[in-house]
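Engineer: Predicted structure and sequence below. I'll ask about it afterward.
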Amino acid sequence: MKRKKVKKLLSSPRLGSNVLVKGWVRTKRENKNIIFIALNDGSTIKNIQIVVDTASFKEDMLKDITTGACLAVTGKLVESQGQGQSFEINAKSIEIYGKSDPETYPLQKKGHSMEFLREIAHLRFRTNTFGAVFRIRHAMAFAIHKYFNGKGFFYLHTPIITGSDAEGAGEMFHVTTMDLKNMPRNEDGSVDFRNDFFGKETNLTVSGQLEGELGALALGDIYTFGPTFRAENSNTPRHLAEFWMIEPEMSFYDLNDNMDLAEEFVKYLIKYALDNCHEDLEFLNNMIDKALIERLKFVLENEFVRITYTEAVSILSASGKKWEYQVGWGRDLQAEHERYLVEEHFKRPVILTDYPKEIKAFYMKQNDDGKTVRAMDVLFPGIGEIIGGSQREEQYDRLLDRIKEMKLPEKDLGWYLDARKFGTAPHSGFGLGFERLILFVTGMSNIRDVIPFPRTPKNAEF
């Protein structure tokens, strides 16, 4: 008999039919003659109830059915007599694939803190909360590819190992095959990379953007979706050392086109979640964040406000609020400032544009005022910045001057400058942190809980 997934079984039940289901025991309860088993196979947040007549099975085998055990059950699908489920399976045969020691299995039927579940991240997928989160994560990854494919974008795989620092921040993980206990040195004491695997200093990428631009300047519209790495010593609920980024790059897009795409893109993803993940969202709305679905609909139903950084600073300065971080033109905005604009002042998502060039990356197109660049940040309720992007500087001389001004290694960016020498074109792009998106869509409060195995300072388990 072919196995049926629980989701399929519950969505199109054939009462009276014999079925085979396989999964893990969530709960087991007994009365005199009957055992009730809640079985979950991960396909849905819902369990299927297995009804076991104890007289039909060996007592020793039934004792081995405990929380966490893995079973294969064959039986008849019938209408449920009890509350809590519409259908159940009257078991005819049970095979135990894997026993679970009730003394040591850490996920007994009780509440567990998020901190505890991070310590057993290899098992937390089996909880309702994390099952819901990671099914939604899958749905969002699928929706991203679906959206861009539908718009004629090409999926470009950019390198994970790179010799360039896209952000110019220097917070990168080094890659080497050399013996760390016996590194070759130059006369000045610096590391000699000539005999390293790549013959030069290399790092894990912080962004696929620079290489993505090269693809866009030939293919038109591209997007990347891959892992990125930041060696930033940040122990906050919003930062990871390893995370995933979606980075579209589009030829012939100006800043307004870029903002239009960003708004359309995130609204598409949120609508996809509401349309396709309703059971998991309802669970998270009930158990994690009572305002989750309301907030998702709020973003979907409202046009994003578009204002300049300068206008935002004026609003924040005039608010009369006491800020933990000082507000002033030329300072980067913090999460408290961004959330005030979205949640209190405008009560809508906000796109900020035209930031001071000193607080933005070298590749952003400079405005004619000589002080600001054509940057954009999309701000969401509960999160703050969810998207960062810009129109890119397409003029060779201006880009070269900016590289020199920021004292970046010109020799390592020769290939990037070449794109401005041979058929340059206006182009724009943005980056969406995938985990920030999943935080927003699930209502979870810590970014470590929306990636399967979080990498943070002093933590690289599993």
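Structural biologist: Thanks, I have the structure now.
Engineer: the strands in the stretch 151-300 of the chain, which residues?
Structural biologist: Here the stretch 151-300 of the chain has its strands, by DSSP state E, counting those that start in this stretch, at 154-155, 161-162, 174-175, 202-204, 221-229, 242-251.
Engineer: Could you look up the SS state of residue 84?
Structural biologist: coil (DSSP: H, G, I helix; E, B strand; the rest coil).
Engineer: Make residue 1 into 43 and carry on from there
Structural biologist: With the count now opening at 43, the last piece we talked about shows up as residue 126.
Engineer: Can you check the pLDDT for it?
Structural biologist: In this model, residue 126 is scored at 76, pLDDT.
Engineer: Kindly tell me how buried it is, as a neighbour count.
Structural biologist: 10 (other C-beta atoms under 10 Å). The way it works is simple: take the backbone N, C-alpha and C, and place the C-beta from them, glycine included.
Engineer: what sits against it?
Structural biologist: The contact partners of residue 126, taken as C-beta atoms under 8 Å, 6 or more residues apart in numbering, are residue 91.
Engineer: List the buried residues of stretch 50-62.
Structural biologist: Across stretch 50-62, burial judged by 16 or more other C-beta atoms under 10 Å covers 51, 52, 55, 61.
Engineer: same check, this time on stretch 131-147
Structural biologist: Here stretch 131-147 shows 131, 133, 136, 138, 142, 147 as buried, counting by 16+ other C-beta under 10 Å.
Engineer: Now go through the residues you listed and say which are in strands.
Structural biologist: Among those, the members falling in strands (DSSP state E) are 131, 133, 136, 138.
Engineer: still on that earlier bit, would you check which pair of the buried residues of stretch 131-147 lies furthest apart?
Structural biologist: Spatially, the most separated pair among the buried residues of stretch 131-147 is 131 and 147, at 23.5 Å (C-beta to C-beta).
Engineer: circling back to that earlier point, nearest to residue 323 among the ones in strands among the buried residues of stretch 131-147?
Structural biologist: residue 131 (27.1 Å).
Engineer: separation between that closest one and residue 57?
Structural biologist: 11 Å (C-beta to C-beta, to the nearest Å).
Engineer: what do you get for residue 364?
Structural biologist: For residue 364, the distance to residue 57 - C-beta to C-beta - is 63 Å.
Engineer: With residue 127 instead?
Structural biologist: Distance from residue 127 to residue 57, by C-beta to C-beta: 13 Å.
Engineer: Identify the residues contacting the closest residue to residue 131 other than its chain neighbours.
Structural biologist: For residue 131, ignoring the flanking residues on the chain, the nearest one in space by C-beta to C-beta, 6 or more residues apart in numbering is residue 117 at 4.2 Å. Counting by C-beta under 8 Å, 6+ apart, residue 117 touches 60, 61, 92, 131, 132, 133, 134, 135.
Engineer: among those, which two are most distant?
Structural biologist: The widest separation within the contacts of residue 117 (C-beta to C-beta) is 13.6 Å, between 60 and 92.
Engineer: My impression was that residue 189 belongs to a helix - is that right?
Structural biologist: Yes. Using three-state DSSP, the secondary structure at residue 189 is a helix.
Engineer: Near the nearest residue to it once chain neighbours are set aside, how many other residues are there?
Structural biologist: Residue nearest to residue 189 in three dimensions, not counting chain neighbours: residue 310, with 5.1 Å by C-beta to C-beta, 6+ apart. For residue 310, the number of neighbouring residues by other C-beta under 10 Å comes to 18.
Engineer: pretty sure residue 310 is in contact with residue 186, am I right?
Structural biologist: No. Using C-beta atoms under 8 Å, residue 310 is not in contact with residue 186, being 9.1 Å away.
Engineer: Residue 113 and residue 411: what is the separation?
Structural biologist: Counting by C-beta to C-beta - residue 113 and residue 411 are separated by 68 Å.
Engineer: Looking at those two, which is more packed in?
Structural biologist: Neighbour totals were compared for residue 113 and residue 411, and residue 113 leads with 21 against 9 (other C-beta under 10 Å).
Engineer: Since that was my last question, I'll sign off now.
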